[in-house]
Structure formats: structure tokens, C-alpha cells
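Undergrad: I'll drop the sequence and a predicted model, then ask my questions.
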Amino acid sequence: MATIKDVAARAGVSISTVSHVLNHTRRVSEDATRHVLEAVAALNYAPNSVARSLKVNHTRTIGLLVTASANPFFAEVVKGAEDYCFTQGYSLILCNTENQLERQRHYLRMLMEKRVDGLLVICTDIDAEIQALLRSYQNVPQVVMDWGGQCDFANVINDNVRIGAYLAGQYLVSQGHRELVCITGQLSKQTTQQRLDGVRDALAEAGLTLAEENILEGDYEMQSGFDAMQQLLARPEKPTAVFAFDDPMAIGAICAATQAGFRVPEDISIVGYDDVEMARFSSPPLTTIRHPKAELGQLAVELLVSRVRNKELTVEALNVQPELVIRNSVAPPRPR
């Protein structure tokens, strides 16, 4: 394996000149730079990143803990984060936790052992033990998203899901729906409870309430939306409007309604949440609540890189505002 000494010998320059060319730490003449790069290519030389990181005390890597990167919402956020990392010369180490405590614990310790420059955490729930572990590494800059809470040792990006759910409920009420059904995520999750609070806010504003029997617990996956809609359609009194707490569950619900011979939105209106890419291609195109996912990922990395470069920056919380996207899955209820 070629060394920096071999590159210097082939290029006819000093080792320090090779280092300056590769690390962009000092201006080097065009001729010398060309000779160095040609030598690097000819010898297939790769710098020892471990040795370099020990010397300069940074690795130009960022660790990312995510609940599930296969979920469309998280996938789009991760893509935005990774794209921005690339433009800034950082590598991203992606760790899927599946919201499992043991995985969170394992990956967090592994990332610290790899001496990542910063940590991005996108998890809907953080166990108290993991939160304590994150706090113990607060010397490493951190940004947390989709947490649903405040944090005194890391930058927080709040996605204001309560406001988003309020917008969904308000829109359905404005279309004449008086009784809403919610297909939720896991009721134990704080973000689920915040969405429920938002729906209740919208209903209370109109003098309405959310009946307990109209809260059907799902898991933010498509199958649970399908199953919940099947339960609803088995009722003697069919609902006129359903708010699914994410787009995959909404699309699963549409599929179940269609298979049972019901038309969306003529027979039943459905609203989703997140505005993932598939939402505009569902049949019918899904009315939903939008978060700028790729932009969220980029913003998170921007904050993190700023903290990496200046660890004296004050920890702060940023709020991102959701918006209603009206498509074709909602209509006024038919007279009964």
C-alpha cells in the first residue's frame, strides 16, 4: 500500500507539500499540485483517515440515529441530510434503530468510538437511559429532530405536529364533517399525543369533541391503516372523514376503502400527514400536511456543522411550520 512518502518521491516534492495539496492547507503551485495529483492517481494512494483524525482531532464524519430509514418520511429527511453532508465534505454514518433501546445504545456507543464530529438524532421517542447517554456525550455537538420535547444540551428542531394536526382537523370541519376518526400511531408516543391534541383543538373550536371510539391505534405503517379502515367500515354507521397520522397509513386506508367498494372522497374523506412523495401519486392524490423533509435534513446538518466548527455556539431550538396541502381525497359529506 502506497504511503505519503511514496507519493512525495514520485511527484518530486516534499512530504509537507503533498500534505498541503491533499488537505488544502496552503497554496501550492499549479505545477506541483498537478504532479502530486498524478502521483496519487498512479499509486492509488488513500490517506490514512484514522491517523489524520488523531492528528487534527476531527474525522469529517457525522453520525445519524434514525428510527427507520425505510419509512418514507425519514428516508426523505435522510436524503436531504446526506446530500448536504456531501457538499460540505462530510461523510454520514447511518444507523437504523427501529426504536429499539438495545440498538440505540449499541449504535450510539459505536459512533462515539468512531469519533464522529457530530451526532444527528431523528427518533420519535428517546428512552430516559438513551437521553442520559446522549447527555454524557454533550461535548460532541448534537441536533435532535422529531423528538417532541425540549433539550438543554443539543439543538432541537421542532416540527410542530400539534399545529399540523390542527390544520388537518380544521380543514375537515370546514368541509362539513362533524365526526372525525383518527388512525393514530402508537399511543405511547409523545408525537402521537401531540397530534391528538391538535385534532381536539380544531374540534373544540367548532364546539365538537373527539370520541374515544374514534381513536384507532396504528403504528405509522401502511398495513395498520388498511386494518383500521376495515374495522371502521364494519361499523353500522360509517365515518365520513378519517385523519391518518401519516401518509402510509392514509394510503393503506384508501386501499381498504376501495377494495370494500367505497369511493374516496365521495363516500369517505381521508387526510394524511407528512406529504411524502407517494402522497401525490396515490389514487386519489392525497390531501395531507406537509413538512419540508429534505430541507429539514439540510437544516439539521447546517446546524450541526456550525456547532462542529464553533462549539461555543449557544444551544437553541428551531421551529418548522407545517402547511396544509389540498389535493383530491376530501369532499363535503353526502346527506344521509
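TA: It's in. Numbering: from 1, shown residues only.
Undergrad: could you dump stretch 103-121 to PDB, C-alpha only?
TA: C-alpha atoms of stretch 103-121 as PDB (Å, rounded to 0.1, in the frame of the first residue of the first chain):
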ATOM      1  CA  ARG A 103     -29.900  -0.800  19.100                       C
ATOM      2  CA  GLN A 104     -29.900   2.900  20.200                       C
ATOM      3  CA  ARG A 105     -27.500   2.100  23.000                       C
ATOM      4  CA  HIS A 106     -25.200   0.000  20.700                       C
ATOM      5  CA  TYR A 107     -25.100   2.400  17.800                       C
ATOM      6  CA  LEU A 108     -24.600   5.500  20.000                       C
ATOM      7  CA  ARG A 109     -21.600   3.900  21.600                       C
ATOM      8  CA  MET A 110     -20.200   2.700  18.300                       C
ATOM      9  CA  LEU A 111     -20.500   6.200  16.800                       C
ATOM     10  CA  MET A 112     -18.700   7.700  19.800                       C
ATOM     11  CA  GLU A 113     -15.900   5.100  19.400                       C
ATOM     12  CA  LYS A 114     -15.600   6.200  15.800                       C
ATOM     13  CA  ARG A 115     -15.000   9.700  17.000                       C
ATOM     14  CA  VAL A 116     -17.800  11.300  14.900                       C
ATOM     15  CA  ASP A 117     -17.600  15.100  14.700                       C
ATOM     16  CA  GLY A 118     -21.300  15.500  15.400                       C
ATOM     17  CA  LEU A 119     -24.500  13.500  16.000                       C
ATOM     18  CA  LEU A 120     -27.900  13.900  14.400                       C
ATOM     19  CA  VAL A 121     -30.800  12.100  16.200                       C
END
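Undergrad: in it, what counts as buried?
TA: Within stretch 103-121, the residues scored as buried using 16 or more other C-beta atoms under 10 Å are 104, 107-108, 111, 116-121. Every residue, glycine included, has its C-beta placed from N, CA and C.
Undergrad: Let me know the closest of those residues to residue 210.
TA: Using C-beta to C-beta, residue 121 comes nearest to residue 210 of the buried residues of stretch 103-121, at 31.0 Å.
Undergrad: Check which residues of stretch 281-299 are buried.
TA: Buried residues in stretch 281-299 (16+ other C-beta under 10 Å): 282, 284, 286-294, 296-299.
Undergrad: circling back: farthest-separated two in the buried residues of stretch 103-121?
TA: Distance extremes for these: the farthest pair is 104 and 117 at 20.0 Å, using C-beta to C-beta.
Undergrad: Of the buried residues of stretch 103-121, which belong to helices?
TA: Using DSSP state H, the members of these that fall within helices are 104, 107-108, 111.
Undergrad: Switch those residues over to CSV; also include pLDDT and distance to residue 60.
TA: Below are those laid out as CSV (pLDDT from 0 to 100; distance: C-beta to C-beta, whole Å):
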residue, pLDDT, distance to residue 60
104, 87, 24
107, 92, 19
108, 89, 20
111, 92, 14
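Undergrad: Distance to residue 315 for these - can I get that in JSON lines?
TA: Output for these, formatted as JSON lines (distance: C-beta to C-beta, whole Å):
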{"residue": "104", "distance to residue 315": "21"}
{"residue": "107", "distance to residue 315": "23"}
{"residue": "108", "distance to residue 315": "19"}
{"residue": "111", "distance to residue 315": "20"}
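Undergrad: Which residue ranges of the protein form strands?
TA: With strands called from DSSP state E, the chain shows them at 61-66, 91-96, 118-122, 142-145, 155-158, 180-184, 215-217, 241-244, 269-271, 288-290, 317-319, 323-325.
Undergrad: quick one: strands adjacent to the fifth one?
TA: Strands that pair with strand 155-158, judged by DSSP bridges, come out as strand 142-145 (parallel), strand 317-319 (parallel).
Undergrad: Nearest to residue 93 among those would be which one?
TA: strand 142-145 (14.3 Å).
Undergrad: can you pull the alpha-carbon coordinates of that closest one into CSV?
TA: Listed in CSV are the C-alpha atoms of strand 142-145, where the atom choice follows Å, rounded to 0.1, in the frame of the first residue of the first chain:
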residue,chain,number,x,y,z
GLN,A,142,-25.8,17.2,18.7
VAL,A,143,-29.0,18.1,16.8
VAL,A,144,-32.3,16.2,17.6
MET,A,145,-35.4,16.2,15.4
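Undergrad: What are the contacting residues of that strand?
TA: 77, 118-123, 126, 134, 151, 153-157, 159, 296, 300-301, 303-304, 307 (C-beta atoms under 8 Å, 6 or more residues apart in numbering).
Undergrad: what do you get if the cut-off is 7 Å, keeping everything else the same?
TA: By C-beta atoms under 7 Å, 6 or more residues apart in numbering, the list of residues contacting strand 142-145 from outside reads 118-122, 134, 151, 153-157, 296, 300, 303-304.
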